[in-house]
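**Q** Fold the following.
(4 chains)
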Number of protein chains: 2
Amino acid sequence: MTNMISNGSGGTTPCQACPLNSNGHFRELTGKQIQFVSRFKVGELNLERGASILVEGDHSAYMFTLLRGWAFRYKALPDDRRQVLNYALPGDLLGLQNSLMSEMQHSVEALTSVTLCVFEKNRVEEIFRNHPNLAFDTTWIAAREERILDEHLLSIGRRSAIERAAYLLAFLSWRVMRVEQRKSGKVVLPFTQTHVADTLGLSMVHTNKTLKKLAVRDLIKWRDGGCEVRDLSGLMEVAKWSDEAEERRPFI
Amino acid sequence: MTNMISNGSGGTTPCQACPLNSNGHFRELTGKQIQFVSRFKVGELNLERGASILVEGDHSAYMFTLLRGWAFRYKALPDDRRQVLNYALPGDLLGLQNSLMSEMQHSVEALTSVTLCVFEKNRVEEIFRNHPNLAFDTTWIAAREERILDEHLLSIGRRSAIERAAYLLAFLSWRVMRVEQRKSGKVVLPFTQTHVADTLGLSMVHTNKTLKKLAVRDLIKWRDGGCEVRDLSGLMEVAKWSDEAEERRPFI
DNA sequence: CGGGCCCTTGAATTCTCTCAAACAATGTGG
DNA sequence: CCACATTGTTTGAGAGAATTCAAGGGCCCG
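**A** Here you go, the predicted structure:
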């Protein structure tokens, strides 16, 4: 467990030079806000694929912003059945629950190697006390997660297997394009079919057969590192999903 | 459409005498907070069972707190398949999304006749500017909704039909006991089996057969107005769910 | 070379859906 | 008061979807 929290030392990204702040997708923080956030940030955490970021039942002292890589949130039943709740991409906040309530009720795991900005949860009240705009943004971020979960719930509850799969892949691909400010090009989603199965609420076997159907239509192609999305609008059509126009969104 | 918004006139509950504030379940607002909320509240809305409170795609000018009755949030696909996302009980906030973002991405409907406190969404920023504690509470409320959705997602994705049904009924029954500060006694959930089906992501027919299994075990009894929960801990056992200790929670 | 991880495929079983019909309770208009 | 429509619950049967079980293949790494 070396390199857990590197504070101020080499390799740490100063908030003033935050790559997310200037990439055009996120709302730019004001100078005063950056100043606050850079004091709020107590360090940076680098983890390998498969590492636990937060664990259900924890009372971790930290909250994170994902700076680089992918992570996913999940819950499990006592007998190990697992449900992936959502994926986190750069700019996403992890563990806000942990900061507002007593304990985590879900787990978060690194899907690729990741870099996390580390914040201390007991200082979250400073945001509300001194930075009303950031407080608003925090609520906005929570409401956005809620919207994503709403749509996912609709998907699992009412879409057929192939629609569900198409929706998941389309939605993630769309998020990648957004956060990377791309208009075209291939997106590769870095997960295994087991992750997809646990997200869709289907078995591995049936997920595999469903993905095959999408591959036959040349909408996706499965390969070593994960899923290559070849036809985003084709997927959206299968899923009966249309994306929303999205303005620049806040982050912390 | 009479009696839509009665402002200040007869029948409106003054915030100073808010029944939720003193019932022991919710955190009590301070005098200053009550003063703010009572100015924030622009009226009261009474609706019949089945009425729409908010509609997907709307840019409603209002946000609500449910003061009396039941409501439910839902989303629908273009071909009318419907998924119930969550239920609202007294003290729950409806339409926060509407206040933070441009438009509603889900609908809300009255499940019983309801009374709603009406707030103007364009004054939400006042909360963040002048009332940091209420701002914190707003975020807390959004995070709570997220937790409920997380558990529901786990349920639909990974629990069997009978576990799912048991979880839903147990959870709602538990919420009623909490909000009414009861330790015992029967809870009656005021919905139809169609609502249950749309919540569980199952067909009506299969939902009926699944509920029958719970009724045979004497865990519930279905009757005219809805579902009577006869054995909460029995349901919790079937669902493999254990409730959390919950402190007094905020509301607005 | 062997082991682990991931993807793939077939077959039998179980679950869930649709279709169809019937029943009970309620309310309405004649 | 009855005939009729409406809404919600119940049941059976056949079709379709998804699961489990089982086995094999590809690939990488120690």
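**Q** So what's the model's average confidence on stretch A:90-108?
**A** Stretch A:90-108 shows a mean pLDDT of 95.
**Q** What's the end-to-end length of it?
**A** 14 Å (CA to CA, to the nearest Å).
**Q** what's the burial count for A:Ala161?
**A** By the criterion of other CB atoms under 10 Å in any protein chain shown, A:Ala161 has 16 neighbours. For every residue, glycine as well, the C-beta is placed using N, CA and C.
**Q** Name the nearest residue to it, sequence neighbours excluded.
**A** Leaving aside its sequence neighbours, A:Ala161 sits nearest to A:Thr210 (CB to CB, 6 or more residues apart in numbering or on different chains; 4.8 Å).
**Q** Give me the buried positions along the strand or helix carrying that neighbour.
**A** A:Thr210 belongs to helix A:204-216 when elements are defined using DSSP states H and E. By neighbour count with 16 or more other CB atoms under 10 Å in any protein chain shown, helix A:204-216 contains the buried residues A:Thr207, A:Thr210, A:Leu211, A:Leu214.
**Q** Also stretch A:30-41?
**A** Neighbour-count burial for stretch A:30-41, counted by 16+ other CB under 10 Å, picks out A:Gln33, A:Ile34, A:Phe36, A:Val37, A:Phe40, A:Lys41.
**Q** Just the ones of these in strands?
**A** Mapping those onto strands (DSSP state E) picks out A:Lys41.
**Q** Let me know the closest of the buried residues of stretch A:30-41 to DNA strand C.
**A** Within the buried residues of stretch A:30-41, the smallest distance to DNA strand C is 31.7 Å, found for A:Lys41 (CB to the nearest atom of the strand).
**Q** show me the contacts for the closest one.
**A** A:Cys15, A:Cys117, A:Val118, A:Phe119 (CB atoms under 8 Å, 6 or more residues apart in numbering or on different chains).
**Q** Swap in 6 Å and give it another go.
**A** Neighbouring residues of A:Lys41 by CB atoms under 6 Å, 6 or more residues apart in numbering or on different chains: A:Cys117.
**Q** Against A:Ile34, how distant is it?
**A** 10 Å (CB to CB, to the nearest Å).
**Q** repeat for A:Thr199
**A** To A:Ile34, A:Thr199 is 35 Å away according to CB to CB.
**Q** And A:Phe64, by the same measure?
**A** Per CB to CB, A:Phe64 is found 18 Å from A:Ile34.
**Q** Which stretches in chain A count as strands?
**A** Ranges of strands within chain A are A:41-47, A:52-54, A:62-68, A:71-76, A:82-88, A:93-94, A:107-110, A:114-120, A:187-189, A:220-223, A:226-229, based on DSSP E.
**Q** do the top helix by length along chain A and chain B meet?
**A** Secondary structure of chain A read by DSSP state H shows that its longest helix is helix A:132-158. Yes - using CB under 6 Å from any CB of the partner chain, helix A:132-158 reaches chain B at A:132, A:135-136, A:138-140, A:142-143, A:145-147, A:149-150, A:153-154, A:156-158.
**Q** returning to that earlier point: kindly identify which of the buried residues of helix A:204-216 also come near DNA strand D.
**A** Applying CB under 7 Å from any atom of the strand to the buried residues of helix A:204-216, one finds that A:Thr207, A:Thr210 fall near DNA strand D.
**Q** residue in the stretch 51-200 of chain A nearest to chain B?
**A** Going by CB to the nearest CB, chain B is nearest to A:Gly157 of the stretch 51-200 of chain A, at 3.1 Å.
**Q** Skipping its backbone neighbours, what lies nearest that residue in space?
**A** That would be B:Gly201: by CB to CB, 6+ apart, it lies 3.1 Å from A:Gly157.
**Q** is it true that that neighbour touches B:Gly157?
**A** No - B:Gly201 sits out of contact with B:Gly157 when judged by CB atoms under 6 Å, with a separation of 9.1 Å.
**Q** that older thread, export the buried residues of stretch A:30-41 as a markdown table, with columns for distance to A:Leu54.
**A** Converted to a markdown table, these look like this (distance: CB to CB, whole Å):
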| residue | distance to A:Leu54 |
| --- | --- |
| A:Gln33 | 25 |
| A:Ile34 | 26 |
| A:Phe36 | 24 |
| A:Val37 | 20 |
| A:Phe40 | 18 |
| A:Lys41 | 17 |
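**Q** DNA strand D: which of the buried residues of stretch A:30-41 is nearest?
**A** Closest approach between the buried residues of stretch A:30-41 and DNA strand D, by CB to the nearest atom of the strand: A:Lys41, at 33.5 Å.
**Q** ok, the closest one to B:Ala110 distance?
**A** Going from A:Lys41 to B:Ala110 by CB to CB gives 45 Å.
**Q** rewinding a little: let me see the confidence value for the residue of the stretch 51-200 of chain A closest to chain B.
**A** Looking at A:Gly157, the pLDDT reads 98.
**Q** what do you get for A:His25?
**A** Confidence score, pLDDT, at A:His25: 95.
**Q** Just give me the neighbour total for it.
**A** Counted with other CB under 10 Å, the neighbours of A:His25 add up to 18.
**Q** repeat for A:Gly234
**A** Other residues lying near A:Gly234 total 17 when counted by other CB under 10 Å.
**Q** From chain B, how far off is it?
**A** Taking CB to the nearest CB, to the nearest Å as the measure, A:Gly234 falls 17 Å from chain B.
**Q** give the contact list for that residue.
**A** A:Leu219 are the contacts of A:Gly234 under CB under 6 Å, 6+ apart.
**Q** what's the distance between it and A:Arg217?
**A** Taken as CB to CB, the span from A:Gly234 to A:Arg217 is 7 Å.
**Q** tilt between the longest helix of chain A and strand A:62-68?
**A** Orientation note: helix A:132-158 sits at an angle of 80 degrees relative to strand A:62-68 (axes from the mean of the first three to the mean of the last three CA atoms, to 10 degrees).
**Q** do helix A:132-158 and DNA strand C meet at all?
**A** No - on the criterion CB under 7 Å from any atom of the strand, helix A:132-158 is out of touch with DNA strand C, staying 8.9 Å away.
**Q** Could you pull out the buried residues of that helix?
**A** Applying 16+ other CB under 10 Å to helix A:132-158 flags A:132-158 as buried.
**Q** same question, stretch A:69-80
**A** A:Gly69, A:Trp70, A:Ala71, A:Phe72, A:Arg73, A:Tyr74, A:Lys75, A:Leu77.
**Q** what does stretch A:53-61 give?
**A** Buried residues in stretch A:53-61, counted by 16+ other CB under 10 Å: A:Ile53, A:Leu54, A:Asp58.
**Q** just stretch A:107-126 next, same as before
**A** Buried-residue list, stretch A:107-126, by 16+ other CB under 10 Å: A:107-112, A:114-119, A:121, A:124, A:126.
**Q** Please apply the same query to stretch A:239-251.
**A** Buried, per 16+ other CB under 10 Å, within stretch A:239-251: A:Ala239, A:Trp241, A:Arg249, A:Pro250, A:Phe251.
**Q** Keep only these that also lie close to DNA strand D.
**A** Counting by CB under 7 Å from any atom of the strand, no member of those reaches DNA strand D.
**Q** Just the endpoints, please. Distance across stretch A:223-231?
**A** End-to-end for stretch A:223-231, by CA to CA: 16 Å.
**Q** How far does that stretch sit from its chain's centre?
**A** Taking the mean of its C-alpha atoms, stretch A:223-231 sits 18 Å from the chain's own mean (CA atoms, centre = their mean, to the nearest Å).
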